[in-house]
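Colleague: Below is the sequence, then the predicted model.
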Amino acid sequence: MNSGARLVAGIDSSTQSCKVVVRDAATGALVRQGRASHPEGTEVHPDHWWTALNQAVEAAGGLDDVAAVSIGGQQHGMVCLDESGSVVRPALLWNDTRSAPAARDLVDELGGPDAGGRAWAEAVGVVPVASFTVTKLRWLAEHEPEHARRTAAVCLPHDWLTWRLSGSTDLADLTTDRSDASGTGYWSAATGDYRTDLLQRAFGSVPHLPRVVAPGAVAGTTRDGTVLGAGAGDNAAAALGLGAGEGDVVVSIGTSGVVTAVTSTPTVDPSGAVAGFADATGLFLPLVATLNAARVLDAAARLLDVDHAALSALAMAAPSGAGGLVLVPYLEGERTPNLPDATGSLHGLTLATATRPMLARAAVEGLFCGLADGLDAVVAAGVDPSRVLLVGGAAASDAVRTVAAEVLGVPVDVPPPGEYVADGAARQAAWAESGADAPPVWEREGTRRYEAEPVPHVRARYAAARDKHLERPV
Ligand SMILES: Nc1ncnc2c1ncn2[C@@H]1O[C@H](COP(=O)(O)OP(=O)(O)O)[C@@H](O)[C@H]1O
Ligand SMILES: O=C(CO)[C@@H](O)[C@H](O)COP(=O)(O)O
């Protein structure tokens, strides 16, 4: 297939799967792609990611003719390695909530919800919640001291996979990048430094940490000499893949629901709603993430015994507001707002709303009302959105696109279906391989705009319902 063009590859090692794209480095044209599934669960041995990566690479026709590769990965997952480079225990993922008490303790130790929240946000841009690596390390130190004692290095999913691609087993060769480092809770996007004092506080010692590679720099090479880019957290990679600039807000509906924006200054939000992450170009990436997004629709489709296309058709057959039926979608607990033990709930059931279309509509609206709260928080942090770019697996749904425009209250641009995290990683790989000051410009056509009258009544009804939920049974 290669007609002499220089090729680069981008990999998205996300929560549910691994996707690989091979693109022309100069034009960005898609040459080939592949995919493989990850196992279910919030605790996953990294070997499964490596197996899926190799399957996805094989499905994409291999990397033999590729000049450079980068990896975008699910953020925050705790990968612990011993002195010999072996994995100490399965990784705890971003959506594993067992470290919620550890998160509360870490905030309390710096002064409680107000003073402690401010102290953490000023130090590292985030206020600990169960998703962040620093809280998982505290959990490990408290609950599995033998594993903590054996931990000689800590890294993130994309760091570990990049290291595996390099073929090294030397902990000194571990690398990360600004965007993923900023999701650990012990690296500051504002200063560009590790806060080993906070890591020491959380874990009781300071294991070896990956070197932070600058955007566009070379992290190393594979054994065959293929250039390895720095990689990125998946949300930063998606922003790079979309070419998002200031004023663009990216909303991703994957396993997580995410609202992000690229900004030129770091964000400090002592409430913790907006995480002050770094992006993949040297700028910043304020981000709100929810634990409940595409899987809310998976669950609704399961309940109604339909596929996603039929779920979308059902939702489109119901009116805005689903006649007053509200689904609060805390099916996996929640991260924003910080309610790790919450469960989902259905409000406003009447004989008229107890129908399949109303339930389908309420599911889509519920997940977007949570994200609209997130968009409000990003705006309060100083972002002035001119449009929303909608991506992630569930962006394929017509109902999702329509409800997004209604509930978010801004024009929603849906780029053509694609793997924007993997594309961002590929663009970064091309940047690293070129040695240029900036990533290559890749044109993209086919973006479709969705506009709708805002629906304040839908958000008002959700706001009345969202605090009424049961905790998970013990
Ligand atoms: N047409 C669709 N409508 C709604 N959800 C969809 C559709 N197609 C895929 N999904 C859902 O999107 C999710 C996968 O999206 P993706 O962004 O790849 O997730 P992740 O990055 O978290 O692994 C799955 O939960 C899948 O069921
Ligand atoms: O925790 C976050 C961001 O802070 C998540 O966005 C993860 O990065 C997982 O992303 P997906 O696999 O759902 O795309």
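Modeller: Happy to help now that I have it. Ligands and ions are numbered 1, 2, ... in the order given.
Colleague: all helices of the stretch 351-474 of the chain, in order?
Modeller: Under the criterion DSSP state H, counting those that start in this stretch, the stretch 351-474 of the chain contains helices at 356-380, 398-408, 420-434, 456-465.
Colleague: isn't residue 269 right up against residue 379?
Modeller: No: contact criterion Cβ atoms under 8 Å: residue 269 and residue 379 do not qualify, at 11.9 Å. In this view, the C-beta of every residue, glycine as well, is placed from N, C-alpha and C.
Colleague: higher neighbour count, these two?
Modeller: Taking other Cβ atoms under 10 Å, residue 269 and residue 379 do not tie; residue 269 has more neighbours (22 against 16).
Colleague: for that one, phi and psi?
Modeller: phi -120, psi 100 (degrees, to the nearest 10).
Colleague: 58 is where my numbering starts, stick with that
Modeller: Done: numbering now begins at 58, and the last item shifts to residue 326.
Colleague: Now for it: which residues touch it?
Modeller: Applying Cβ atoms under 8 Å, 6 or more residues apart in numbering to residue 326 gives the contacts 178, 184, 332, 333, 343, 434, 438.
Colleague: Mind checking which of the residues you listed land in helices?
Modeller: 178, 434 (DSSP state H).
Colleague: Reformat the contacts of residue 326 into CSV and put pLDDT next to each item.
Modeller: Below are the contacts of residue 326 laid out as CSV (pLDDT from 0 to 100):
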residue, pLDDT
178, 98
184, 98
332, 98
333, 98
343, 98
434, 97
438, 94
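Colleague: what about residue 458, how many residues close to it?
Modeller: 22.
Colleague: if you skip the residues just before and after it, what's nearest to it?
Modeller: residue 507 (5.0 Å; Cβ to Cβ, 6 or more residues apart in numbering).
Colleague: thinking that neighbour is in contact with residue 471, fair?
Modeller: Yes: counting by Cβ under 8 Å, residue 507 does reach residue 471; the two are 6.5 Å apart.
Colleague: who are the neighbours in contact with the closest residue to residue 514 other than its chain neighbours?
Modeller: Spatial nearest neighbour of residue 514, chain neighbours left out: residue 378 (5.8 Å); criterion: Cβ to Cβ, 6+ apart. The contact partners of residue 378, by Cβ under 8 Å, 6+ apart, come to 422, 512, 514, 515, 518.
Colleague: pLDDT at the second one, what is it?
Modeller: Per-residue confidence (pLDDT) for residue 512: 95.
Colleague: Isn't it up against residue 377?
Modeller: Yes: between residue 512 and residue 377 there is a contact under Cβ under 8 Å: 5.0 Å.
Colleague: So those two - more neighbours on which side?
Modeller: Taking neighbours as other Cβ under 10 Å, residue 512 and residue 377 compare with residue 512 leading, 21 against 16.
Colleague: Just give me the neighbour total for the closest residue to ligand 1 within the chain.
Modeller: Nearest residue of the chain to ligand 1: residue 450, at 2.0 Å (Cβ to the nearest ligand atom). As a burial measure, residue 450 scores 22 neighbours (other Cβ under 10 Å).
Colleague: for the one 3 residues further on, same thing?
Modeller: The local packing of residue 453 (other Cβ under 10 Å) involves 15 other residues.
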